[in-house]
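In: okay, sequence plus prediction incoming.
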Amino acid sequence: MQLPTVKTYTPKVKKEGYQFYVLSKGYNAGRPAHKPNVNSFVVSCQSQAHCDHFYSLCYALWKGKYFHPHLCGSVVQFIRIREFKRVVQLAMDNLNGKEDSLPAVVAALKKIEHTELVIHQQLATIAQMKKLLVSRMLAGSHQNTPSQ
């Protein structure tokens, strides 16, 4: 499969054909999105199927932190277009013959993320319950202490 065209996003250029965007700056560099961001690349594909495939590939690479070793910059981390293309090309070469497994892997990643989100919410609820339990316990102790 041919690598799609990757360019720096400029708000002046209108969306044409099958495109998605990839964040180019910060620790989330490489994260794909359907809406543009000021600091992003535009990935232009030949068809919707091609676009979906590369979106899934970029998502998997981002979740696997494959772009992190290629980030540069001392204050604001960023990835260069050629480095982004190189990582995607290498992943495509490694996927050769296993492209059919990519949607299943991405679906599993999203399911794991959802489970992780639910667990974080449950942990936040447990922390609130602890605070409430302690505050209820201590609320009655102020009334029982002798005043001096």
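Out: Happy to help now that I have it.
In: local confidence estimate at the residue nearest the centre of the chain?
Out: Centroid-nearest residue in the chain, with CA atoms, centre = their mean: Arg31, separated by 4.6 Å. In the prediction, the pLDDT value recorded for Arg31 is 94.
In: that one against Tyr21, yeah?
Out: No. Arg31 is not in contact with Tyr21 according to CB atoms under 8 Å; the separation is 9.3 Å. From N, CA and C alone the C-beta is placed, and that goes for glycine too.
In: okay, helices next: where are they in this structure?
Out: Taking DSSP state H to define them, one finds helices in the chain at 48-63, 81-95, 102-139, 141-144.
In: okay if I get those helices as JSON lines plus mean neighbour count and distance to Gly17?
Out: Formatted as JSON lines, the helices of the chain follow (neighbours: other CB atoms under 10 Å; distance: least, CB to CB, whole Å):
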{"stretch": "helix 48-63", "mean neighbour count": "18", "distance to Gly17": "9"}
{"stretch": "helix 81-95", "mean neighbour count": "15", "distance to Gly17": "19"}
{"stretch": "helix 102-139", "mean neighbour count": "11", "distance to Gly17": "22"}
{"stretch": "helix 141-144", "mean neighbour count": "7", "distance to Gly17": "68"}
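In: what's the closest of those to His70?
Out: helix 81-95 (4.2 Å; CB to CB).
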